[in-house]
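**Student:** Everything below, folded, please.
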Amino acid sequence: MFDDPKSEQNLQQAPVTNNEEVKPQSENLQPVVGAEPLAQPEQQFDYQAPITKKSSSKIILIVVLIFLFLVVAAGAFSVFGTGLFVSDNSDPIDDTNTANNSDIEATTPTDSDLSVTIPATDDTQVDVDLDTDGDGLKDNEETLFNTNPLKADTDDDGLSDYQEIQLYETNPLKVDTDGDTYPDGEEVKNGYNPNGPGKLLNL
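**Tutor:** All right, here's what the predicted structure looks like:
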């Protein structure tokens, strides 16, 4: 049952001499495949105290107080803080640039220098017989009919404004008064009535 210390196995080992280095026997051992380790390491947990309702409400209260403080601080800065960065120095700005042309003398005109004399004329009447465009209608008549006093044929139909108003009684603002697709001047030139159907009577 017990091994004899003087057994054959123990004697087969060579005696240790003083010059040799002693090696431990565990150095040559190989682990056994499929064997369970003798001791399992215990799992280590970071234990935290459970968050209670009381501690979470404290955190929320602290966050709300910090937020309110920041809001009040921002409001106070916007109302009172704008003057913090503005200098209260009310000294006028000293312009050190001086003109090199000391010969130039500045003068200010007086009221007597600015007076203008307008000569009185007796010719203040407007010429009512004026016909600027030369179409036979006076300028004041052209304004009554809304025609252009600077253009003899306002609608460019081939008849002057005078011919349309005084002779043919057509519209001086429409190219084709009767709407038959022929311009008023073209109809008169070919002997047709520009104001409706039919031919013109020989006048």
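**Student:** Tell me, how many residues neighbour Leu150?
**Tutor:** For Leu150, the tally of surrounding residues (other C-beta atoms under 10 Å) stands at 10. In this view, the C-beta of every residue, glycine as well, is placed from N, C-alpha and C.
**Student:** can you pull the contacts of it?
**Tutor:** By C-beta atoms under 8 Å, 6 or more residues apart in numbering, the contact set of Leu150 is 132-133.
**Student:** where's it relative to Glu142, distance?
**Tutor:** For Leu150, the distance to Glu142 (C-beta to C-beta, to the nearest Å) stands at 9 Å.
**Student:** and for those two, which residues touch both?
**Tutor:** Shared contacts of Leu150 and Glu142, counting by C-beta under 8 Å, 6+ apart, come down to Asp133.
**Student:** Which of the three states applies to Leu130?
**Tutor:** coil (DSSP: H, G, I helix; E, B strand; the rest coil).
**Student:** Settle this for me: it is touching Glu142, isn't it.
**Tutor:** No. Using C-beta atoms under 8 Å, Leu130 is not in contact with Glu142; the gap is 10.1 Å.
**Student:** So if I had to pick from these two, which one is more boxed in?
**Tutor:** Glu142 (23 against 10).
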